[in-house]
Structures are given as structure tokens and as C-alpha cells.
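Participant: Next input, structure requested:
(2 chains)
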Amino acid sequence: MTEYNFAYLDEPTKKMIRRAILKGLAVPGYQVPFASREMPMPYGWGTGGVQVTAACLVPEDRLKVIDQGADDTTNAVSIRAFFARVAGVATTTRTREATLIQTRHRIPETPLSPDQILVYQVPIPEPLRFLEPRETETRRMHALEEYGLMHVKLYEDIARHGAIATSYAYPALVNGRHVLDPSPIPRFDNPKLESPAIQLFGAGREQRIYAIPPFTRVVSLDFEDHPFEASKAEGACALCGATTSYLDEIVADDAGTRRFQCSDTDYCAERRA
Amino acid sequence: MQPAFADPPADAARAFRAVMEAMARPGTLRSVASPAPEGLSPAAAAVLLVLADQTTPVWTRAGRDWLIFHTGAPIAATRAEATFAVGRWDDLAPLTDWDAGTPDYPDRSATLIVEVPALDGPGHRLTGPGIETEASLPLPDPQALAANAARYPLGVDLILTCGERLAALPRSTRIDLETL
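Facilitator: Predicted coordinates for the structure are as follows:
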């Protein structure tokens, strides 16, 4: 690891990211622009999360990385190996043992503690982007707290499908002021956005950092007559039998047999141990 | 001239983690220190070493040569252009002198590092993001700080330093003026 500066990034870059993180914590849910760097991995592989993690890591950290809940997929394995090499930090797959967890699109099933930091990889940080493509306009909409368009979108879901069909990246109102995109976590995870842990969000290609401090009020958008529901597939995990964890549906053979399995591999393994 | 961090990448990482924890949990105290020039506390010096660089004008009366040598940060010519300001409350008041950001970019606001005589003792009740039920902190001018919080999402963010300890008061923290 001696051929790299601690945690890969140069110190001036870390300063810039650290300033953005602090402003993000001071205005929960607001997207702070930052000068995202080229990283030794392609956009879409978690360059934003990696930069936030690099700016937060201390030598004493124990890092866990998950991709859709799994510790053993290419993305998770690569990023874990990357920081083991460039920062020399210890790594783990156990949620309980980790001090910093970088995640792609899931919040661990095991409740987080105040000693932990959760770093999200974010593809599109702007919750209004697919409703209004112009950055100048969405920025102004956040400034004016103009979120009517988002409610229209959810209403159209109800008009068309009879229920809010948005199943991931479900928008939430943070601290009663800013609507954020919680990254494409399943809406099953939205209630866990109110957490004792610090939650940081990094979008590398889009050059945005935002944050949710511990115990911040996070309300998933809904209507009085169509309240928010943290839904998951009906069924039980074929490996551990869990009925309350978030399940992936897997095609098991050529005949198209389907079965469910915990998306959180550490949670599932711990239940079977 | 006083030195800076002995092992900059690791020392700065640990110091930032403490500052981040403080900002994420307003009212809680953290220990942070670096070698400091005359007139700056070890905690305030550490915050500047972690965050200041060529792009962040710093308003300060103390430790200018040290700051320029170790961080390259320019000394702010006016209060309005400062990204960071460090000093006692009397040096920094009124809060309205400092950049509070714009409605489109509330992050472009100043961060004030306030050297306070004490971080322990009775303080006003604090609530808001990062606080589970309530916290408290002795504040230099609660009325002025409550007015700053009322401008949310605009406003300045404070880091209160005392010796080798610090606490933070982001603009998102609500201050209950009725209590003490």
C-alpha cells in the first residue's frame, strides 16, 4: 500500500469532498455539487460512493461493501479489495463488525448502530430529473420547495395502477424541507432511512454529495388515502426461511422454477449459522 | 513556526471523522488537536488543516503565516468573501456579515470556527437533525444563532472549539430560547 496515498485520493481532493460532506450534513437532503474525480473504475460502478468512502476512512476502520445486499458480487468484492490495498483497512462481510459500509442499492437488514457510517452509491441523485430534465429548473424547484410535480407523478401511478407503483428509488422528504432520491434501494428499505447511523450519498458521474444525519426525520411521500407501504415479495427465503427480510426472486432451473432468497447475504448466512 | 500534522493523511482523516461526527450530531463533544500557532486552539487549528486550501479564503486575526504556509489558503480581504472564519464570538459577530449561501446553492455559505471559553455547562435545548431527543450546548449568543437557524436552508454553520475539543452547530439545529 506504500505506493498510494492513504485511501487513494490526494489530500486536496479529500479536503474538497470533506467540505461537501459537512455542508451536506448541515442541510440534510440537499445535493451539494462537488468536483468528482476520475476513479480507477467506470462510472456506474460506484465512483461517487468510493470517493465519499475514501474521504471518510480512517486507518482503524473495518469496511464492508455490499451490492444489492450481497458481499460476494463483482462490484462489492472489487471495491473491498481496492480499499484493502490503497488504505490498508480491515474488511469484513459481517454487518455488525463493520464501522463503515458502502452500499449499492440496499440497506442491511441488521439494524445499524450509532458507531457506523453508511455510504450509498448513487446513479441519479436528482429525484425530479425524470420529471424535469433541466438542472437549472430542478435546482430552482428545490429552492422554492416546489414538489407538486412529484406528487402528480405518484398520483398518476394511482390513477393508472390503483396504487403507487414506484418500487425503488422512492422519493422521501428529509427534515421537512428537501425531497431526496434515496438511490435505487427498494422501497422496503425506506423506513430504515431514519437511522442512528450517519448516511452519506455519493454520485460520481453526476457530481453530487448529500447526507442524512442520524435521527433525521425522513418521510416517504404518499397520500392520506394511499399511505406509503414498505412492500416486499410475498414468500420466505429458500435458504434461511426468513419471511421479514427483502427477497430476491431467482429462476432456479431450465423449467422456470422460481424461488426466493434473502437479498442480504450476511443476514441470511447469520440466520443459518 | 509551529508544525502541522505529523502524518497528514492519517491525522487529517481522524480529525475529519471527529469533525464530521460533531456536525452530524450537534451538541456532542469530540477531541481533535494539531500543533497550533499562537492565538488558535489546537482544535481550531486542526479544523483548518483538515478543510482549508487554496480555494477557501479564511478570515482570521491569528496564525496567518502558519495558515498560509501549511494550507495555502488566502486570507479573506472582506468578511463576505470568507469560506471559513475563525475567532472569538466578539470577533465574528454579527452573523449577518458572513455568506449564508443562496436559495439555489445553500451549500455556498461560510463555516465559522468560534473559539469559546467552555463547551460544558448549562445550555439551551437543541433539537433537529442528528439529535435523537434533545441536546444542549452553552452558546455565545442564542438569539443571533436562533435567527440564523430560522433562515434555513440558508445560514452559516458553526464549529465551536475550546482547547482540544469541539462541537458543531449546523444551521439545521433548532434552538429553544425558552430553556436554559
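Participant: low-confidence ranges in chain B?
Facilitator: Filtered on pLDDT under 70, chain B yields the residue ranges B:180.
Participant: can you list the residues of it near chain A?
Facilitator: With the criterion set to C-beta under 8 Å from any C-beta of the partner chain, chain B comes near chain A through B:8-10, B:12-14, B:16-17, B:19-21, B:23-25, B:50-56, B:103-107, B:109, B:111, B:128-132, B:152-153, B:157, B:170-172. For glycine as for every other residue, the C-beta is placed from the backbone atoms N, C-alpha and C.
Participant: For the closest residue to chain B within the stretch 51-200 of chain A, give me the pLDDT.
Facilitator: Taking C-beta to the nearest C-beta, chain B has its nearest neighbour within the stretch 51-200 of chain A at A:A143, 3.9 Å off. In the prediction, the pLDDT value recorded for A:A143 is 98.
Participant: Run a quick check on it versus B:L154, I expect a contact.
Facilitator: No - with contacts counted by C-beta atoms under 8 Å, A:A143 stays clear of B:L154, the gap being 9.9 Å.
Participant: how many neighbours does A:L112 have?
Facilitator: Per other C-beta atoms under 10 Å in any protein chain shown, the neighbour tally for A:L112 reads 21.
Participant: What's the separation between it and A:D72?
Facilitator: As defined by C-beta to C-beta, to the nearest Å, A:L112 lies at a distance of 21 Å from A:D72.
Participant: Low-confidence bits of chain A, can you list those?
Facilitator: A:1-2.
Participant: helices or strands up against the helix ranked longest in it?
Facilitator: Secondary structure of chain A per DSSP state H: the longest helix is helix A:11-26. Applying 3 or more C-beta pairs under 8 Å, 6 or more residues apart in numbering or on different chains; DSSP states H and E, one finds that helix A:11-26 makes contact with strand A:32-33, helix A:47-56, strand A:198-203, strand A:208-212, helix B:8-24, helix B:42-51, strand B:157-162.
Participant: Is it possible to get JSON lines of the ones you listed that adds mean neighbour count and distance to B:D97?
Facilitator: JSON lines is the format used below for the helices and strands packed on helix A:11-26 (neighbours: other C-beta atoms under 10 Å in any protein chain shown; distance: least, C-beta to C-beta, whole Å):
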{"stretch": "strand A:32-33", "mean neighbour count": "20", "distance to B:D97": "23"}
{"stretch": "helix A:47-56", "mean neighbour count": "27", "distance to B:D97": "30"}
{"stretch": "strand A:198-203", "mean neighbour count": "28", "distance to B:D97": "31"}
{"stretch": "strand A:208-212", "mean neighbour count": "29", "distance to B:D97": "27"}
{"stretch": "helix B:8-24", "mean neighbour count": "23", "distance to B:D97": "22"}
{"stretch": "helix B:42-51", "mean neighbour count": "26", "distance to B:D97": "19"}
{"stretch": "strand B:157-162", "mean neighbour count": "25", "distance to B:D97": "14"}
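Participant: among these, which is nearest A:L247?
Facilitator: Nearest to A:L247, of all these, is strand A:198-203, at 23.4 Å by C-beta to C-beta.
Participant: rewinding a little: list residues touching both of A:A143 and B:L154?
Facilitator: Shared contacts of A:A143 and B:L154, defined by C-beta atoms under 8 Å, 6 or more residues apart in numbering or on different chains, are found at B:P103.
Participant: Flag every residue of the stretch 101-250 of chain A that's near chain B.
Facilitator: Residues of the stretch 101-250 of chain A lying near chain B (C-beta under 8 Å from any C-beta): A:139-140, A:143-144, A:175, A:177-178, A:196, A:198, A:211-217.
Participant: Can you select the buried ones from those residues in PyMOL?
Facilitator: Selection of buried members from these for PyMOL, criterion 16 or more other C-beta atoms under 10 Å in any protein chain shown:
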select buried, chain A and resi 139+143+175+177+178+198+211+212+213+214+215+216+217
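Participant: Just the ones of the residues of the stretch 101-250 of chain A next to chain B in strands?
Facilitator: Of these, the ones assigned to strands by DSSP state E are A:H178, A:I198, A:A211, A:I212.
Participant: Which pair of those residues spans the longest distance?
Facilitator: Pairwise distances across these (C-beta to C-beta) peak at 16.9 Å, for the pair A:H178 and A:I198.
Participant: can you tell me which residue is nearest the centre of the chain?
Facilitator: Went with chain A since none was named. Nearest residue to the geometric centre of chain A (C-alpha atoms, centre = their mean): A:Y120, 3.5 Å.
Participant: if you could check chain B rather than the one you did, that'd help
Facilitator: Note on chain B: the residue nearest the mean C-alpha position is B:I159, at 2.4 Å, using C-alpha atoms, centre = their mean.
Participant: what's around residue 28, how many residues?
Facilitator: I went with chain A, as the question did not name one. Neighbours of A:P28 (other C-beta under 10 Å): 27.
Participant: let's do chain B instead
Facilitator: 15.
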